[in-house]
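Asker: Structure for this input, please:
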Amino acid sequence: MAKIKLTKSELKKQRDALVQYQRYLPTLQLKKQQLQIEILQQSQILERVRLKEAAKRNEVERWAGLLSDREVDLKSWVKPKEIFTSARNIAGVDLPVFERVDFEVAEYDLFIMPLWVDLGLEVIKALVGLGEEIKVVAKGIEVLKDELRITTQRVNLFEKVKIPEAREVIRLIKIYIGDQMTNAVGRSKMAKRKIEAIIGDGSIFFSLVN
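Answerer: Sure thing, here's the model as predicted:
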């Protein structure tokens, strides 16, 4: 704790600061709670998407033999052209939300390509899209966790440092000012007694002025 100024102006300053800390703390605590809830929800979403991806991978494996056909190269048709995301505000944090993936249009001769190509493309595109969705959701969770870490640090700072320090400073200043007032009253009474002892019943004073 820094050196304390034991003055009435410092007392007011510390009281104002304490009011601000106590007003701001509930907002931080609410934000922390909202972030924790959202992290849990996003983790559940991530798990569901991963399960869907695993199921889609099993589906793709059925095409493994066909996909090995050297005459059919689907790579250029299943590479994402653009990934679309939006943002949702959670407790002041912009959370990325997956929307969709656009792919290059697959242009090929239907009479030359095998019949399975159309369906194969759709299955693989769906798998790629799920993979991109996993990346976006995982990134969002990391953003939320970073914000939760910062918010938790602030909550701890207010709860364990700022508020206790302000209360302690206020206590010390009030004690000091109280002691000063008590001493002032004591000095005043002592001075009064000295004056009374000097002038007694007032006869000396009247003898001097007459």
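
Asker: Check what pLDDT Lys13 gets.
Answerer: Looking at Lys13, its pLDDT reads 92.

Asker: gap between it and Leu121?
Answerer: 69 Å (C-beta to C-beta, to the nearest Å). From N, CA and C alone the C-beta is placed, and that goes for glycine too.

Asker: I'd like to know how many residues surround Ile39.
Answerer: Neighbourhood size, Ile39 [other C-beta atoms under 10 Å]: 19.

Asker: I'd guessed it sits against Glu147; true?
Answerer: No - using C-beta atoms under 8 Å, Ile39 is not in contact with Glu147; the gap is 9.6 Å.

Asker: for the chain, which spans come out with low pLDDT?
Answerer: Under the criterion pLDDT under 70, the flagged ranges of the chain are 1-2, 63-76, 106-117, 183-210.

Asker: Now do the strands in it.
Answerer: Using DSSP state E, the strands of the chain run over 80-90, 93-103.

Asker: The residue lying closest to Val93 once chain neighbours are set aside and Ile37, how far apart?
Answerer: Spatial nearest neighbour of Val93, chain neighbours left out: Glu147 (4.8 Å); criterion: C-beta to C-beta, 6 or more residues apart in numbering. Applying C-beta to C-beta, the value for Glu147 to Ile37 is 13 Å.

Asker: Show me which of those two is the more surrounded one.
Answerer: Glu147 (20 against 12).

Asker: which ones are touching that one?
Answerer: Residues near Glu147 by C-beta atoms under 8 Å, 6 or more residues apart in numbering: 35, 91-93.

Asker: ok, it to Gln20 distance?
Answerer: 22 Å.

Asker: Same check on Asp94?
Answerer: 27 Å.

Asker: again with Val60
Answerer: For Val60, the distance to Gln20 - C-beta to C-beta - is 58 Å.

Asker: Check Ser9 too.
Answerer: Applying C-beta to C-beta to Ser9 and Gln20 gives a distance of 17 Å.

Asker: Same check on Tyr176?
Answerer: Tyr176 sits 23 Å away from Gln20, going by C-beta to C-beta.

Asker: contacting residues around the nearest residue in space to Lys174 that is not next to it in sequence?
Answerer: Leaving aside its sequence neighbours, Lys174 sits nearest to Leu11 (C-beta to C-beta, 6+ apart; 7.0 Å). Counting by C-beta under 8 Å, 6+ apart, Leu11 touches 170, 173-174, 177.

Asker: out of those residues, which are buried?
Answerer: 170, 173 (16 or more other C-beta atoms under 10 Å).
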